[in-house]
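> Mind looking at a prediction? Sequence and model below.
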Amino acid sequence: MPTNPATAHTRAKTGLGVLKPLLSGLRAPSRLIESARVLRDIRAGLGAGPAVHRVSLAYRPRGVSRTGDLYRTGDPLAGLVLVPGAAPLGKDDPRLTAFAQALARARFEVLVPDLPGLNSLQVRDDDADIIADALSVLSQHRAAHGNATVGMVAICYSTGPAMIALLDERVRGAAQFMLSVGGYRDIEAVITFITTGCYRDPYDNARRHRQPDEYGKWVFAISNANVLKDDRDRELLESMAHRRLADDKAGVSDLAAGLGDEGRRIYAVLENRDPDRVSALIAALPRHIVDGIARLDLKRRDFSGLDMRFILIHGNDDAVIPETESVALAGALPRADLFILDSIRHVDPGPAGLADTLKMLAAMHELLRERDTARPLKAAIGKSPLRLPASSCGAG
């Protein structure tokens, strides 16, 4: 049964849930030591350890052209699809590259799909198709090497399309575990937070307030400006967003004055500070935008049939998506371990303090435990759909 969100929130805040994986780690001390080494590697960033093969790939699942990067060492134990967050550099963001390299050194074979929408700061439900295709080819590739263990990692807003991809019948059961960092469940609650700073505590349902990061609000603007019918409105909203992302104190009233009807409706959502008005303002958006928002709403999806393990990490100081969203997501999943940290600076590594360090150590230990769990092949598999240069191939 799904975990009760309030119970999960309380357990995560007190840290009691950390004890079980850490104590179990004492029975396999080498994995616990490795967990600490991987976290140190992640914090150190690029160039922190032994070289990792990074290969740019083109693949054609279902006859559709896709691209991505594969990170591997010579002896991977499991496959991992790493889904970037919404960032201009996408899969080439130095933080993501360092993360992928650290995971590869931890003996994951890591496929990072190219998601043009997220690279343009657009969060779209059709990214789920690209993620599902990456999961499909990586699971076939790993199976061709005699190993069916595959997982996924999603960061921030990409948790939405990544979770939707898991429901795709083509890849049901292809992933056995998923790590989400700074994810969400209720898209309207996220919009409420990024525009007003208000969110609900799942423990007592009280309304809380935190100063939100402007980044989330303007990602919302760019995501929806892209589908506007009026080119002028699209250009003005994108100009507003890029101006404010470059300088969060910059004025945009001159651009707002030129907006047409559709653009003004989006701008009304962005400028609203009253949490009680959010639902009505979203409902007043053009129908195709309302439908697009609804498709990204994980609250409307049923994940109870997913037979897999989820590891959710979130920070109490997150100014883009409040930690209550990972609490809510954990409560909607059949098997989820929730780690709420005091500070993780949204999705950046390097927690401060002993309690946070222990939680991150426990979360990494559980990820490596999933890596080490052997899954038998369900059927005979042919050749890998991924063509790798000979120099990047090794035992797997």
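Yes, it's here. Residues are numbered from 1 along each chain as shown.
> From now on I want contacts and neighbour counts done on CA atoms only, so please keep to that.
OK.
> Please enumerate the helices of the stretch 101-250 of the chain.
116-119, 127-144, 159-166, 187-196, 214-225, 231-246 (DSSP state H, counting those that start in this stretch).
> Report all helices and strands that the fourth one contacts.
Taking 3 or more C-alpha pairs under 8 Å, 6 or more residues apart in numbering; DSSP states H and E as the contact definition, the neighbouring helices and strands of helix 187-196 are strand 198-200, helix 214-225, helix 261-271, helix 278-283.
> Adding mean neighbour count, distance to residue 243 and mean pLDDT, write these out as CSV.
Compiled in CSV, the helices and strands packed on helix 187-196 are given as follows (neighbours: other C-alpha atoms under 10 Å; distance: least, C-alpha to C-alpha, whole Å; pLDDT from 0 to 100):
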stretch, mean neighbour count, distance to residue 243, mean pLDDT
strand 198-200, 21, 25, 96
helix 214-225, 22, 10, 90
helix 261-271, 18, 14, 96
helix 278-283, 16, 24, 98
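> Throw these into a markdown table and include distance to residue 169, thanks.
Formatted as a markdown table, those follow (distance: least, C-alpha to C-alpha, whole Å):
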| stretch | distance to residue 169 |
| --- | --- |
| strand 198-200 | 34 |
| helix 214-225 | 27 |
| helix 261-271 | 34 |
| helix 278-283 | 31 |
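> Out of the ones you listed, the one nearest residue 146 is which?
Residue 146 lies closest, by C-alpha to C-alpha, to one member of the helices and strands packed on helix 187-196: helix 214-225, at 40.4 Å.
> Okay, angle between that closest one and helix 231-246 too, please.
160 degrees (axes from the mean of the first three to the mean of the last three C-alpha atoms, to 10 degrees).
> for the stretch 201-350 of the chain, what are the low-confidence residue spans?
Where the stretch 201-350 of the chain drops to pLDDT under 70, the residues are 344-350.
> run the last query once more with 80
Scanning the stretch 201-350 of the chain with the threshold set as pLDDT under 80 gives 343-350.
> The stretch 51-200 of the chain too?
Within the stretch 51-200 of the chain, the ranges that satisfy pLDDT under 80 run 86-90, 117-122.
> quick one, strands of it?
53-59, 66-72, 78-83, 108-113, 150-155, 177-181, 198-200 (DSSP state E, counting those that start in this stretch).
> among those, which is nearest residue 339?
Per C-alpha to C-alpha, nearest to residue 339 of these: strand 177-181, 9.7 Å.
> How far off centre is the closest one?
Here strand 177-181 is found 7 Å from its chain centre; the criterion is C-alpha atoms, centre = their mean, to the nearest Å.
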